[in-house]
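*Asks:* Pasting the sequence and the predicted model now:
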Amino acid sequence: MNLKKYSASFVVVLSLTAAGTTAHGYNQPSVNLGFTSFLDGGPPAGPGFYFTQYFQYWNADTFTDSNGSELPGGRELDAVISLTQFIYQSDQAILAGGKWGLDVIVPMVHLDLDAGPASDNSGVGDLLVGPFLQWDPIMGDNGPIFMHRVELQMIFPTGDYDNDSAVNPSSNHFSFNPYWAGTLFLSPKWTASCRLHYLWNDENTDGPRGDDVQAGQTVHGNFAMAYMLIPDRLRVGVNGYFLYQLEEDEKNDVSQSDSEEQVLAVGPGLVYSFSKDNHIFFNLYFEMEAENRPEGTRGNVRWVHHF
């Protein structure tokens, strides 16, 4: 299946730059691929302060070209990603019933690339800041029916970067990455959630070999469906994500043909609620249909605490 042909069917969200590759592409910044999943349309316990800790391990043992074929060279990437997130959700509506809030995420990244001369890099990733509007759930006779949120997420190039390194915790450029997230309660036990991002990237003026590089505009998103196996405790289901680049990258203001990136991933997951204030998520993703980027497997653990 070609994701470029069928991408519209998935539109019903951490990539990593491998700057040292000789292929086109591989320039998209780190974004939310699979970090969020079930019940993404709203906070689990209403207004207040939230602390969230994420851990993700990504093993990519295939690096692909623009046709999805494996590049020669036997590259393999291991990434360990920690995200520390602080959220404040107010109880004050300011626009069409939406209540304002603020989202701040601090990443820490360890990267290990095995390709010719091995490359190892660790450090602080780029700071994410997003003001948002959260709407209260629409209620029905049997509980909530729908809840959603809009966030104007921004990624600031505050992390560690070295243009001589093949992999970097930072993208070394600003990105605007707004999203809409919603959860639909299909029944008291079944839920469907999705998060849709638009990604615009500024220029990296200190790219590999000193080139000015600008990654093309992109859409990406997460999707999940869950069944409540134990009332108010355990939901199990299927989760996934996609990334689809809309336009070519530019290098020194020249478009790079066949540089668009794409990937699709699907796998199992669950969320366990210890109480209304403490929740833990487990997600596993198997990537496929990758072009111009690494392809592999991701495992994700996420703990959410409401004060």
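*Replies:* Sure thing, it's come through.
*Asks:* Buried residues of stretch 290-307, list them for me.
*Replies:* By neighbour count, and taking 16 or more other C-beta atoms under 10 Å as the criterion, the buried residues in stretch 290-307 are 290-296, 298, 300, 302, 304-306. C-betas here are computed from N, CA, C, even on glycine.
*Asks:* Same check on stretch 251-264?
*Replies:* 251, 256, 259, 260, 261, 262, 263, 264.
*Asks:* now, which of the residues you listed sits nearest residue 123?
*Replies:* Among the buried residues of stretch 251-264, residue 261 lies closest to residue 123 (C-beta to C-beta), at 23.2 Å.
*Asks:* Distance-wise, check residue 193 relative to residue 178.
*Replies:* 18 Å (C-beta to C-beta, to the nearest Å).
*Asks:* more crowded one of the two?
*Replies:* Between residue 193 and residue 178, counted using other C-beta atoms under 10 Å, residue 193 has the larger neighbour count: 25 against 16.
*Asks:* could you measure that one against residue 224, distance?
*Replies:* Going from residue 193 to residue 224 by C-beta to C-beta gives 5 Å.
*Asks:* Mutual contacts of those two, please.
*Replies:* Contact criterion C-beta atoms under 8 Å, 6 or more residues apart in numbering; residues shared by residue 193 and residue 224: 37, 38, 40.
*Asks:* Report the contact partners of residue 259.
*Replies:* 24, 25, 27, 66, 216, 245, 248, 249, 292.
*Asks:* okay, the first one: pLDDT?
*Replies:* The score at residue 24 is 60. That number is its pLDDT.
*Asks:* can you check the fifth one too?
*Replies:* At residue 216 the predicted local distance difference test score is 97.
*Asks:* quick one: it and residue 244 touch, right?
*Replies:* No. Counting by C-beta atoms under 8 Å, residue 244 is not a contact partner of residue 216; they are 10.6 Å apart.
*Asks:* Pull up the overlap in contacts between the two.
*Replies:* Overlap between the contact sets of residue 216 and residue 244, as judged by C-beta under 8 Å, 6+ apart, is given by residue 260.
*Asks:* Going along the chain, name the helices of the stretch 51-200 of the chain.
*Replies:* Taking DSSP state H, counting those that start in this stretch as the criterion, the stretch 51-200 of the chain contains no helices.
*Asks:* Can you list the low-confidence ranges for it?
*Replies:* Applying pLDDT under 70 to the stretch 51-200 of the chain flags the ranges 115-118.
*Asks:* quick one: residue 122 and residue 47, what's the gap?
*Replies:* Plainly put, residue 122 is 36 Å away from residue 47 if you go by C-beta to C-beta.
*Asks:* Look up how far residue 153 lies from the residue positioned nearest the centre of the chain.
*Replies:* For the chain, the residue whose C-alpha lies nearest the mean C-alpha position (C-alpha atoms, centre = their mean) is residue 32; its distance is 1.1 Å. From residue 32 over to residue 153 the distance is 9 Å, taken as C-beta to C-beta.
*Asks:* Now the common contact residues for the two.
*Replies:* When contacts are counted by C-beta under 8 Å, 6+ apart, residue 32 and residue 153 are jointly contacted by 179, 197.
*Asks:* Please enumerate the strands of the stretch 1-150 of the chain.
*Replies:* For the stretch 1-150 of the chain, the strands defined by DSSP state E, counting those that start in this stretch occupy 48-63, 76-95, 98-114, 119-124, 127-134, 138-140, 143-151.
*Asks:* Quick one: closest of these to residue 70.
*Replies:* When the strands of the stretch 1-150 of the chain are ranked by proximity to residue 70, the top entry is strand 48-63, at 5.2 Å, counting by C-beta to C-beta.
*Asks:* could you dump the closest one to PDB, C-alpha only?
*Replies:* Taking only C-alpha atoms (Å, rounded to 0.1, in the frame of the first residue of the first chain), the coordinates of strand 48-63 have been written out as PDB:
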ATOM      1  CA  GLY A  48      -5.900  22.100  37.300                       C
ATOM      2  CA  PHE A  49      -2.200  21.300  37.000                       C
ATOM      3  CA  TYR A  50      -1.000  18.100  35.300                       C
ATOM      4  CA  PHE A  51       2.400  16.500  35.300                       C
ATOM      5  CA  THR A  52       3.200  13.900  32.600                       C
ATOM      6  CA  GLN A  53       6.300  11.900  32.100                       C
ATOM      7  CA  TYR A  54       6.900  10.000  28.800                       C
ATOM      8  CA  PHE A  55       9.500   7.400  28.000                       C
ATOM      9  CA  GLN A  56       9.900   6.100  24.400                       C
ATOM     10  CA  TYR A  57      12.300   3.600  22.900                       C
ATOM     11  CA  TRP A  58      12.600   3.600  19.100                       C
ATOM     12  CA  ASN A  59      14.600   1.000  17.200                       C
ATOM     13  CA  ALA A  60      14.900   1.700  13.400                       C
ATOM     14  CA  ASP A  61      16.800  -0.900  11.500                       C
ATOM     15  CA  THR A  62      15.800   0.200   8.000                       C
ATOM     16  CA  PHE A  63      16.600   3.500   6.400                       C
END
